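Undergrad: need a 3D model of the following:
(2 chains)
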Amino acid sequence: MKYQDDNFYIEKVLNGDSSSYAALVAKHKNLVFSIALKILNNREDAEEIAQDAFVKAYQSLRSFEKKSKFSTWLYRIVYNAAVSHTRKKILETIPMDNYVIYNYSEESIRPGVDELDVNEQQVLLTKAMKSLSDEDNLLINLFYHGNNSIEDISIITGLSASNVKVRLHRIRKRLYDDISAMIAERMN
Amino acid sequence: MDADNELNDDFLANLIRKVPLESPSEEFVNYVMTGIEVLPGTVAEKRPYFIWLKSSVPYVGLGLILVFIIYFSDIPYLSFINGKEYFSDLFLKTFQPLWISMKTLLSSKFTNYLFLIGVSAGFLFIIDKLFSRRFAV
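TA: Got it, this is the predicted structure:
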């Protein structure tokens, strides 16, 4: 389904058409739910927190000053709610794991990836993403699925922009590394 | 490719977007909308006009006090305001009985204490009202 810009629905809701909020919920539900799920690791809890976040956003919609994007504001609400729920502080530091990161690039894995059909690519990526931590998955979802900028992610997670950038670089390189290894494995 | 552009990697982005995000239950939107409908006094209701009027009272009050102080002050560089002296004379003369009764009232220690308590409480109330508003993103 093709959705309008968020501000279109926001204006309608603020003018008394509360049913327009359903479109905003439908548009953002997957990413909002994913954020909650990555933090909580439990579908029921994640669904409850995601619903609460939407209701909270609705109640505070009039105080939303549009200094940031609606989605950034909404993701920040669900992120805070989920973190408060778990009472654990995540994403505070860059994990100093011993994982060796090689400098694989698009050119080195593209031929192998192109040989696969869409389903196989999906399986490959799902496997590679499963090897990442939930926090890393959360960051790539926000960056690649949500099209959020580094500054937006910094607002949502409370991390510094430079920290977000460093983590995204590490995740990207690690994904290339994993995909490359999996392609090599398939060939052998 | 510099470090910043590396992140805007279309190849990897397209690959990642092929893996769909986890989705909540099919009834998710309905649950949220039901939650919104049962809420008392939600955002869809516009703030009544008198509430806007009421919330502006402290600001208007402060503004009037400021104008009053500036207008009737003896600060020399405010004397350029045309007719200032005429109005202050007129104002002072018109309300002379009030000034006299106020002077009598304020000369009592008891009323002074009450007055000071009232002013302090009023000041604290205004400060509380101004700073207890919720800050929005």
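Undergrad: secondary structure element for residue A:49, which one?
TA: helix A:43-59 (DSSP states H and E).
Undergrad: which parts of that helix count as buried, going by neighbours?
TA: Neighbour counts using 16 or more other Cβ atoms under 10 Å in any protein chain shown place A:45-58 of helix A:43-59 among the buried residues. The C-beta positions use only the backbone N, C-alpha and C, and glycine is treated the same way.
Undergrad: next one: stretch A:116-124
TA: A:121, A:124.
Undergrad: picking up where we left off before, the buried residues of helix A:43-59: which ones sit near chain B?
TA: Residues of the buried residues of helix A:43-59 in contact with chain B (Cβ under 8 Å from any Cβ of the partner chain): A:46, A:47, A:50, A:51, A:54, A:55, A:58.
Undergrad: now residue B:128: how far from chain A?
TA: 19 Å (Cβ to the nearest Cβ, to the nearest Å).
Undergrad: oh sorry, the question was meant for residue B:64
TA: For residue B:64 relative to chain A (Cβ to the nearest Cβ), the value is 28 Å.
Undergrad: do residue B:70 as well
TA: Counting by Cβ to the nearest Cβ, the gap from residue B:70 to chain A is 33 Å.
Undergrad: what about the helix or strand following the helix holding residue A:49, average pLDDT?
TA: Using DSSP H and E, the next helix or strand after helix A:43-59 towards the C-terminus is helix A:70-86. The average pLDDT within helix A:70-86 is 91.
Undergrad: cool, stretch A:128-138 as well?
TA: 88.
Undergrad: and it, is it in reach of chain B?
TA: Yes. Stretch A:128-138 comes into contact with chain B (Cβ under 8 Å from any Cβ), by way of residue A:129.
Undergrad: any idea how chain A splits into domains?
TA: According to automatic domain parsing, chain A comprises the domains A:6-86, A:106-187.
Undergrad: return the distance of the first one from the chain's centre.
TA: The chain centroid and the centroid of domain A:6-86 are separated by 14 Å under Cα atoms, centre = their mean, to the nearest Å.
Undergrad: okay, how far is it across it, tip to tip?
TA: Criterion Cα to Cα, to the nearest Å; first-to-last residue distance in domain A:6-86 is 29 Å.
Undergrad: could I get the domains of chain A as a markdown table with distance to residue B:11?
TA: Shown next, in a markdown table, are these (distance: least, Cβ to Cβ, whole Å):
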| stretch | distance to residue B:11 |
| --- | --- |
| domain A:6-86 | 22 |
| domain A:106-187 | 5 |
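Undergrad: winner for burial among those?
TA: Highest mean neighbour count among these (mean count of other Cβ atoms under 10 Å in any protein chain shown): domain A:6-86, with a mean of 19.
Undergrad: now the helices for the chain?
TA: Let's take chain A. Applying DSSP state H to chain A gives helices spanning A:6-14, A:21-40, A:43-59, A:70-86, A:106-114, A:118-130, A:134-140, A:150-157, A:161-187.
Undergrad: wait, chain B
TA: Going by DSSP H, chain B shows helices at B:3-7, B:10-17, B:28-37, B:49-72, B:84-94, B:96-106, B:109-131.
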